[in-house]
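Asker: Have a look; sequence and predicted model below, questions after that.
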Amino acid sequence: MNPFARARFLLGRDQTLGTVLARLASFHGGGRLVTEAGGEELTYAEAAERVARWAGAVAERTEPGDRVVLALPNGYGLLLACLAVSRAGALPVPVNDRMRPDEVEHVIDDSGAHLVVREFAELDGAAPLEEAAPAEPGDVAALFYTSGTTGKPKGAELSHRALIGGVTAGAANPDWLFGLEAVVGLPIAHIMGFAALIGLACGGIPVYFLPHFRPTDVLDALESRRSSLFIGVPAMYRMMWEAGAAERDLRSVRVWISGADAMPSDLAAQFRKLGATAHLPLIGSVGEALFVEGYGMVETGGAAAAKLSAPVVGESLLPLPGYSFRVVDEAGDEVGTGGEGELWMKGPGVLKGYWGSPEATADAVTDDGWLRSGDLVRKGLFGTATFAGRKKDVFMHGGYSVYAREVETVLEEHPDVLEAAVVGLPDPVKGAVPAAAVRVADGSTLTPDGLVAWAAERLSAYKAPQHVLLVDDLPRTGTNKVQKKEVIALFDAAG
């Protein structure tokens with residue numbers, strides 16, 4: 001069967017989260033799907049059987065459309081649990097195991113969850129669900145919660161088409177890719193991790209999965225297992241470089257993949273040199289590895305564009321098949337080539353809305369289906385764009401999105417804090433680290449270290465400010481808006 005015929009067989013337009021693994025198992029059968037670090041190995045057939053069995057347990061406790069929060073440890077089982085919930089006709093709501101209990105409770109309350117699964121054992125003990133609950137590709141398939149500028153996480157309603165449609169091309173992989181192995185250490189409750197594993201499964205590429213990323217563990221795996229692909233975020237690449245990647249034998253790697261944040265070009269070039277295009281008998285490794293950068297967000301169900309390096313256009317974002325770009329100014333008018341504005345996107349992965357929040361949906365998506373990305377780009381030639389910065393008050397810390405307003409809201413709950421301005425300070429490893437300039441009440445004895453400790457008890461580790469600066473006032477514009485660039489300058493001045 002040629003690759004394109006195989007893709008049509010495996011992933012026709014009728015596939016949903018609840019049916020996709022059974023269809024893949026009908027083709028790959030006993031082929032290896034995943035090996036977990038320190039854990040078990042599963043074939044496609046074994047994984048499909050587990051999904052059907054877990055779906056039976058969910059079906060006994062839910063009705064179609066019920067929300068099921070999956071507060072489970074990060075591991076391949078979390079992906080299978082999502083597929084099982086969908087097979088039962090309910091909506092999976094995966095949560096990051098780095099979230100604090102109160103943040104998980106918010107997701108439970110906001111989604112109106114009918115079932116919360118905290119241990120995998122809760123999914124055993126039922127007869128397999130042989131037939132998946134009916135669903136259409138355009139139906140809402142899952143809720144992925146993302147922080148919002150209003151301070152509370154919101155549930156992005158993503159369709160089956162959004163979560164599967166974008167990876168159908170993976171099933172058309174050339175035959176020589178089968179049997180290669182990808183190393184992945186991403187959180188599955190994050191859209192990048194979820195989409196990456198679905199894409200690899202569709203492509204017939206087995207995974208070595210690490211539930212928790214540690215740079216030396218990844219380097220050990222790539223070197224000892226002679227793995228061919230690695231998927232991570234820029235912060236992971238920085239940490240791997242600092243951990244001595246250049247001294248390792250990584251010539252088995254054919255493809256490096258990055259996403260979730262802008263990848264420094266010089267660092268990508270270093271990793272390309274560490275891998276190779278091919279390994280030839282009697283000659284050895286030749287060429288450099290390919291480095292692929294994806295651009296997307298939870299609101300697009302994963303990657304919506306790829307970074308392209310080519311003559312004339314330079315380093316640009318190119319929309320993936322099915323997606324379109326618009327670059328608009330503050331008035332919503334499209335800018336000309338070379339002009340700068342906000343990137344709008346339309347395509348199969350764009351969210352249907354935010355759960356229970358029509359106002360937030362209207363702010364994010366236009367009436368005719370364009371997603372306002374919140375990112376600033378320069379419009380390029382041939383439908384491309386060049387990333388210029390973030391319009392939203394958000395930055396990336398170790399591959400995780402930190403929304404400044406969410407952190408500011410928590411800090412301003414402290415009785416002595418009058419106002420907080422949160423920024424991301426550049427960091428060579430993490431990308432950016434949270435920092436806060438705050439105004440406090442007269443007579444307060446609050447110290448920077450005291451507020452750092454207070455915030456650490458109320459926010460996830462990647463959101464909590466690592467630096468606090470007490471100020472008499474915050475730099476402002478003529479309309480009294482805080483100037484975040486000037487706040488960063490305050491930290492620079494303070495050393």
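Answerer: Now that the structure is in, tell me what you want to look at.

Asker: okay, CA-based contacts and neighbour counts for the rest of this
Answerer: Fine.

Asker: Distance of the residue nearest to the spatial centre of the chain relative to Ala113?
Answerer: Centroid check for the chain by C-alpha atoms, centre = their mean gives Met192 as the closest residue, at 2.9 Å. Plainly put, Met192 is 24 Å away from Ala113 if you go by C-alpha to C-alpha, to the nearest Å.

Asker: picking that back up, other SSEs contacting the helix or strand containing the residue nearest to the centre of the chain?
Answerer: Met192 is located in helix 191-202, with elements delineated by DSSP states H and E. If you count contacts as 3 or more C-alpha pairs under 8 Å, 6 or more residues apart in numbering; DSSP states H and E, helix 191-202 packs onto helix 160-164, strand 302-310.

Asker: Tyr354 is nearest to which of those?
Answerer: helix 160-164 (14.4 Å; C-alpha to C-alpha).

Asker: tell me the mean pLDDT over the helix or strand that the closest one is followed by?
Answerer: Going down the chain from helix 160-164, the next helix or strand is strand 182-184, by DSSP H and E. If you average the pLDDT over strand 182-184, you get 97.

Asker: any residues touching strand 182-184, and which ones?
Answerer: With contacts defined as C-alpha atoms under 8 Å, 6 or more residues apart in numbering, strand 182-184 is touched by 200, 205-210, 218, 221-222, 227-232.

Asker: Repeat the analysis, applying 6 Å as the threshold.
Answerer: If you take C-alpha atoms under 6 Å, 6 or more residues apart in numbering as the criterion, strand 182-184 is touched by Val207, Tyr208, Phe209, Ser228, Leu229, Phe230, Ile231.

Asker: which of those sit farthest apart?
Answerer: Pairwise over these, using C-alpha to C-alpha, the maximum falls at Phe209 and Ser228, 13.5 Å.

Asker: Need the overlap of contacts for those two.
Answerer: Counting by C-alpha under 6 Å, 6+ apart, Phe209 and Ser228 have no contacts in common.

Asker: what ranges do the helices span in the protein?
Answerer: Remark: helices assigned in the chain by DSSP state H are 3-10, 20-28, 44-61, 76-87, 101-111, 160-164, 191-202, 215-225, 234-242, 265-274, 358-364, 404-411, 448-456, 484-494.

Asker: how about these in TSV, adding distance to Leu317?
Answerer: Conversion of these to TSV gives the following (distance: least, C-alpha to C-alpha, whole Å):
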stretch	distance to Leu317
helix 3-10	26
helix 20-28	30
helix 44-61	34
helix 76-87	29
helix 101-111	33
helix 160-164	20
helix 191-202	17
helix 215-225	28
helix 234-242	17
helix 265-274	14
helix 358-364	21
helix 404-411	26
helix 448-456	36
helix 484-494	26
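
Asker: Would you single out the least confident of these?
Answerer: Mean pLDDT is lowest for helix 3-10 among those, at a mean of 53.

Asker: Filter the contacts of strand 182-184 down to the ones in strands?
Answerer: Within the contacts of strand 182-184, residues falling in strands by DSSP state E are Val207, Tyr208, Phe209, Leu229, Phe230, Ile231.

Asker: Same list (these) but as JSON lines, adding neighbour count.
Answerer: Converted to JSON lines, the ones in strands among the contacts of strand 182-184 look like this (neighbours: other C-alpha atoms under 10 Å):
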{"residue": "Val207", "neighbour count": "24"}
{"residue": "Tyr208", "neighbour count": "23"}
{"residue": "Phe209", "neighbour count": "23"}
{"residue": "Leu229", "neighbour count": "23"}
{"residue": "Phe230", "neighbour count": "23"}
{"residue": "Ile231", "neighbour count": "23"}
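
Asker: count of residues packed around Gly450?
Answerer: By the other C-alpha atoms under 10 Å criterion, the neighbourhood of Gly450 contains 12 residues.

Asker: The one 10 residues further on too?
Answerer: For Ser460, the count of nearby residues is 16 (other C-alpha under 10 Å).

Asker: Quick check: Glu36 vs Ser252, distance?
Answerer: Distance, Glu36 to Ser252, by C-alpha to C-alpha: 20 Å.

Asker: Which of the two has more residues huddled nearby?
Answerer: Ser252 (23 against 18).

Asker: Just to check, the more buried one is in contact with Ser224?
Answerer: No. Ser252 lies out of contact with Ser224 (C-alpha atoms under 6 Å); the separation is 9.9 Å.

Asker: Out of the ones in strands among the contacts of strand 182-184, which is nearest to Thr146?
Answerer: The shortest gap between Thr146 and any of the ones in strands among the contacts of strand 182-184 belongs to Ile231, at 21.1 Å (C-alpha to C-alpha).

Asker: How about the closest one: what's its closest non-neighbour residue?
Answerer: Closest residue to Ile231 apart from its sequence neighbours, by C-alpha to C-alpha, 6 or more residues apart in numbering: Ile257 at 4.7 Å.

Asker: Go ahead and confirm that neighbour touches Val233.
Answerer: No. Here Ile257 lies out of contact with Val233, judged by C-alpha under 6 Å, at a distance of 8.2 Å.

Asker: These two - which one has more neighbours?
Answerer: Ranked by neighbour count (other C-alpha under 10 Å), Ile257 and Val233 place Val233 first, with 23 against 17.

Asker: what sits against that one?
Answerer: Val233 is in contact with Ser258, Gly259, Gly399, counting by C-alpha under 6 Å, 6+ apart.

Asker: ok, now with 10 Å
Answerer: Contacts for Val233 (C-alpha atoms under 10 Å, 6 or more residues apart in numbering) come out as 185-186, 192, 257-263, 293-294, 398-400, 430.

Asker: taking these one by one, which sit in strands?
Answerer: Using DSSP E, these in strands are Ile257, Ser258, Glu293, Gly294, Tyr400.

Asker: how much space between the second one and Asp333?
Answerer: Spatial separation of Ser258 from Asp333 under the definition C-alpha to C-alpha is 32 Å.

Asker: Settle it for me: which of those two has more neighbours?
Answerer: Neighbours of Ser258 and Asp333, each counted by other C-alpha under 10 Å, are more numerous for Ser258; the result is 22 against 11.

Asker: still on that earlier bit, between the ones in strands among the contacts of Val233, which is nearest Thr19?
Answerer: Looking across the ones in strands among the contacts of Val233 and measuring by C-alpha to C-alpha, the closest to Thr19 is Gly294, at 26.4 Å.

Asker: Just give the nearest non-adjacent residue to the closest one, would you?
Answerer: Ala306 (4.5 Å).

Asker: do the same with Ser228
Answerer: Of all residues not flanking Ser228 in the chain, Val253 sits nearest, at 4.1 Å (C-alpha to C-alpha, 6+ apart).

Asker: how about the one you found, phi and psi?
Answerer: Val253 adopts backbone torsions of phi -70, psi 130, taken as degrees, to the nearest 10.

Asker: and it, what pLDDT?
Answerer: So, for Val253, pLDDT stands at 95.
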